[in-house]
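In: Curious how this folds, go ahead:
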Amino acid sequence: MNRFYTLLILSFFALGSLTAQKVDIQIEVDNYKNDTLIIGNYYADRQLVKDTLIRKSNKDDFYLRADSLFDSGVYIAITIPDHQFSQFIIPADDQEFELKMDYDNLSDLKIKGSDENKLFFDYLRFLNKRRPENIRLQKELLEADSLGTDATKIKEQISVLDLEIGEYQQKIVSDNPTTITAALISANFQVDIPEITDGTPEEIQAKRFRYYRSHYFDHVDFNMPAIIRTPFLHDRIEYYMQKLNSPLPDSTILAIDYILSKFTNNQDALKFYTSHFLNQFAQMKMVGQDAIYVHIVDKYYTDGKAPWVKEETLAKIIDNANKLKPLLIGKTIPDVTTYDQDGKPVKIRDLEADYTVLVFWAPNCGHCKKAMPHIVKFNDEYLAKNIKTVSICTKGGEKFKGCWDSLEDKDMLRLLNTGDEYIRFQRQMYITKTPKIIVLDRNKEIVIKDIPAEKLSEIMDEIIRLEDSETEAIEE
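Out: Coordinates of the predicted model:
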C-alpha cells in the first residue's frame, strides 16, 4: 500500500480514537421553561453536582460536554427550582448519546445512541407497567387479611407476578453481565437461604441469620468502578454494619475488614470507605469504640497504605491513634506513678484491690464538680468490697496547688487523692477531658472507661455480677 495512504488511514484511526475520549450528551426536556439543568451523580452516601447546564432559549437542548471522559455510574438530571430529577447512566466507554425527557413525566425517558441506557430505560418501563398490578394485588391482600377471607388466589397472582419480574431480571443480568444496569438489578437479589432443619427453633434461626449475613453481598460487584456511583451501595453497607453485626468493637472491626477486603481492585471505593470508617469512629460514640479507630489506622494508614492522605494529615492521624492505644479496654494500665498531698508516691499498678477506679479531674472543671458527689458516694459504699477509688488531678505547674485547695470544697477528702506537679503520667496516657473514669481489675487491666459518674455504681455491680457468674461456671 502507498505509504501516504497508510499514514492517512492511521491518522483517521488516531483521530477517531481521540474524539471518542470525550463527553457529548444532548438532553432535550419538553415542557420545561427554566434555562438551567443541574447534572449530578451518586457517590456513596451523597449526590454531587457534576455540571450546571444553561441553554439560550426554551427551544434549545441542553448539552453536557467535556474533553475527557466522566467516571462511569448513575447520573441525575435535576430541574430547577423544584428539584425533580431523572436518572440515567454514563457508561465507561459510551459517553456520546442523546436523552429526551418530558418535564411533565420525568420517569419516561427516551434514548438514542446508548445501548446501556436503552437497557436501563426498558427495564424501568417494564417495572412501571407492572407496578399498578402489584399495588392492586397488595391492597386486595391487605383487605382479605383484615376481613379474614381466603387470600389463596391473590397470593398465587402475586407469586406469578414476582416470578415474571424475577425471570426478566435474571435474563438482563445473564445477557448483560458487565453492565451497570445488571449491577443495579443483581445487587437487589434476595439471599436464597437453604432449608435448615437441624437444631432447636432458636438454633435454626441463628443458622439462618448467619447464612444470610455471610451471603448478603453475594450479588454485589465491589470491583466494578461504577459501583461507588450508584444509589444502592452505601445503603447496603450501612444495613450490614448496623443490622447484621453487633456494635461491639471486636465485631465492628471484623465487619469493616470484611467490607474493605471486597474492594480488591477498586481503589476509588476503597479510599472512600477507608476514610468513611475512620471519620465515623474518630469520635467515640460508644464505650470502647476508640479501639476501632486505632485498628483502622494501624491496618490501613500506616506504612504508606493510604497514599491519598497528605503527609502532615497522616502524621496527625497516626499520632492520635498512638495516644489512644495505652488506654484501650483490655490493655494493662501504663506503669505510672502519681503522688498524694504529702508527696508520697502512689504507683497505680502496685495498688492492691479487686478493682481500682481512677478518676481524672480538674479543680476548674464544672462537670467534675457535678460528678464528684457520685464518686464520693461510690467510694463510701464500695471501699468495704475491696474497691479503691483514686482521684488524679490533671493540673500541674502553677495550678498544681489548686488540686489540694479544692478537695474540701468538693468533699473529696475521703478519697485517695493524688496528682503530679509535673503531670508526668500524661507522657504515658493521654487524658484530654475531665472527668474521666477508668475501672481496672485486680491485674490492672482496663475493664471499662468513660462512663458517667452517676452510673458508676450500677456498672460496677454488673461487672462484679459477670465476674461471679464466670467464676461459678468455671467451678461447675
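
In: And whichever strand or helix holds residue 156, what's buried?
Out: Using DSSP states H and E, residue 156 falls within helix 152-175. Counting neighbours by 16 or more other C-beta atoms under 10 Å, one finds that the buried residues in helix 152-175 are 154, 157, 158, 168, 169, 172, 173. For every residue, glycine as well, the C-beta is placed using N, CA and C.

In: Summarise which helices and strands the helix ranked longest in the chain is packed against.
Out: In the chain, assigned by DSSP state H, the helix with the most residues is helix 115-147. Counting by 3 or more C-beta pairs under 8 Å, 6 or more residues apart in numbering; DSSP states H and E, the packing neighbours recorded for helix 115-147 are strand 85-90, strand 105-112, helix 152-175, helix 180-186.

In: got CSV for those, with mean pLDDT and distance to residue 428 too?
Out: As requested, those are exported to CSV (pLDDT from 0 to 100; distance: least, C-beta to C-beta, whole Å):
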stretch, mean pLDDT, distance to residue 428
strand 85-90, 95, 54
strand 105-112, 90, 62
helix 152-175, 92, 57
helix 180-186, 95, 50
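
In: Going by residue numbers, what spans are helices in the stretch 351-476 of the chain?
Out: Assigned helices in the stretch 351-476 of the chain, in chain order: 366-382, 401-405, 456-475 (criterion: DSSP state H, counting those that start in this stretch).

In: helices or strands next to the shortest one in the packing?
Out: Going back to what we said before, that points to helix 401-405. For helix 401-405, there are no packing partners by 3+ C-beta pairs under 8 Å, 6+ apart, so no helix or strand.

In: I am assuming residue 387 contacts residue 356, so please confirm or correct that.
Out: Yes. With contact defined as C-beta atoms under 8 Å, residue 387 counts as touching residue 356 (7.4 Å).

In: circling back to that earlier point, which of the residues in the longest helix of the chain are buried?
Out: Applying a neighbour-count criterion of 16+ other C-beta under 10 Å, the buried positions in helix 115-147 are 116, 117, 119, 120, 121, 123, 137, 140, 144.

In: cool, and stretch 211-230?
Out: For stretch 211-230, by 16+ other C-beta under 10 Å, it's 213, 216-217, 219-222, 224-230.

In: Next: stretch 446-461.
Out: Burial within stretch 446-461, assessed by neighbour count using 16+ other C-beta under 10 Å, is assigned to 446, 447, 448, 449, 450, 451, 453, 456, 459, 460.

In: Can you name the residues bridging to the fourth one?
Out: With DSSP bridges applied, residue 449 shows beta-bridge pairing to residue 438.

In: need the contact list for it.
Out: For residue 449, the contacting residues are 287, 288, 327, 329, 436, 437, 438, 439, by C-beta atoms under 8 Å, 6 or more residues apart in numbering.

In: I'd say the fifth one and residue 452 touch.
Out: No. Residue 436 lies out of contact with residue 452 (C-beta under 8 Å); the separation is 11.3 Å.

In: For the helix holding residue 156, list the C-alpha coordinates in CSV.
Out: What follows is helix 152-175, C-alpha atoms only, in CSV (Å, rounded to 0.1, in the frame of the first residue of the first chain):
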residue,chain,number,x,y,z
THR,A,152,-55.0,-18.0,48.3
LYS,A,153,-55.8,-16.8,44.7
ILE,A,154,-54.4,-13.3,45.5
LYS,A,155,-51.2,-14.8,46.8
GLU,A,156,-50.9,-17.0,43.7
GLN,A,157,-51.3,-14.0,41.4
ILE,A,158,-48.6,-12.2,43.4
SER,A,159,-46.3,-15.2,43.1
VAL,A,160,-46.9,-15.3,39.3
LEU,A,161,-46.1,-11.5,39.0
ASP,A,162,-43.0,-11.9,41.2
LEU,A,163,-41.8,-14.8,39.0
GLU,A,164,-42.3,-12.8,35.9
ILE,A,165,-40.3,-9.9,37.2
GLY,A,166,-37.6,-12.2,38.6
GLU,A,167,-37.2,-14.0,35.3
TYR,A,168,-36.9,-10.7,33.4
GLN,A,169,-34.3,-9.5,35.9
GLN,A,170,-32.3,-12.7,35.6
LYS,A,171,-32.3,-12.5,31.8
ILE,A,172,-31.0,-9.0,31.8
VAL,A,173,-28.2,-9.9,34.3
SER,A,174,-27.2,-13.1,32.4
ASP,A,175,-27.3,-11.5,28.9
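
In: by contact count, what packs against it?
Out: Secondary structure elements in contact with helix 152-175, counted by 3+ C-beta pairs under 8 Å, 6+ apart, are helix 115-147, helix 180-186.

In: Could you export whichever strand or helix holds residue 316 as CSV, CA atoms only?
Out: For residue 316, the host element (DSSP H and E) is helix 311-324. What follows is helix 311-324 as a C-alpha-only set of coordinates in CSV (Å, rounded to 0.1, in the frame of the first residue of the first chain):
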residue,chain,number,x,y,z
GLU,A,311,1.8,13.7,54.9
GLU,A,312,1.0,16.2,57.6
THR,A,313,-2.6,14.9,58.0
LEU,A,314,-1.3,11.3,58.0
ALA,A,315,1.1,12.1,60.8
LYS,A,316,-1.7,13.6,62.9
ILE,A,317,-3.9,10.6,62.3
ILE,A,318,-1.2,8.2,63.4
ASP,A,319,-0.2,10.3,66.4
ASN,A,320,-3.8,10.4,67.5
ALA,A,321,-4.1,6.6,67.3
ASN,A,322,-0.8,6.2,69.2
LYS,A,323,-2.2,8.4,72.0
LEU,A,324,-5.3,6.3,72.3
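
In: and that helix, what does it pack onto?
Out: Under the contact criterion of 3+ C-beta pairs under 8 Å, 6+ apart, the helices and strands touching helix 311-324 comprise helix 290-300.

In: what stretches of the stretch 351-476 of the chain score poorly on pLDDT?
Out: Low-confidence segments of the stretch 351-476 of the chain (pLDDT under 70): 471-476.

In: Which parts of the protein belong to which domain?
Out: The domain map for the chain lists 3-113, 120-186, 201-327, 346-475, with the assignment taken from automatic domain parsing.

In: how far does the first one sit from the chain's center?
Out: Pointing back at domain 3-113 there. In terms of C-alpha atoms, centre = their mean, to the nearest Å, the centre of domain 3-113 is set 31 Å apart from its chain centre.

In: In CSV: the helices of the stretch 351-476 of the chain, plus distance to residue 318.
Out: Putting these into CSV (distance: least, C-beta to C-beta, whole Å) gives the following:
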stretch, distance to residue 318
helix 366-382, 30
helix 401-405, 33
helix 456-475, 32
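
In: Mean neighbour count, the ones you listed: which tops it?
Out: Comparing those by mean neighbour count (mean count of other C-beta atoms under 10 Å), helix 366-382 ranks first with a mean of 17.

In: ok so, going back, and the buried residues of stretch 446-461 as CSV, adding distance to residue 349?
Out: Listed next are the buried residues of stretch 446-461 as CSV, based on distance: C-beta to C-beta, whole Å:
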residue, distance to residue 349
446, 12
447, 15
448, 18
449, 17
450, 21
451, 21
453, 24
456, 22
459, 22
460, 20
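
In: Now for those residues: which two are most distant?
Out: Using C-beta to C-beta, the two most remote members of the buried residues of stretch 446-461 are 446 and 453, lying 17.4 Å apart.

In: re earlier: closest one of the contacts of residue 449 to residue 279?
Out: Of the contacts of residue 449, the one sitting nearest to residue 279 (C-beta to C-beta) turns out to be residue 288, at 18.1 Å.

In: where's that closest one relative to residue 246, distance?
Out: Relative to residue 246, residue 288 is positioned 12 Å away (criterion: C-beta to C-beta, to the nearest Å).
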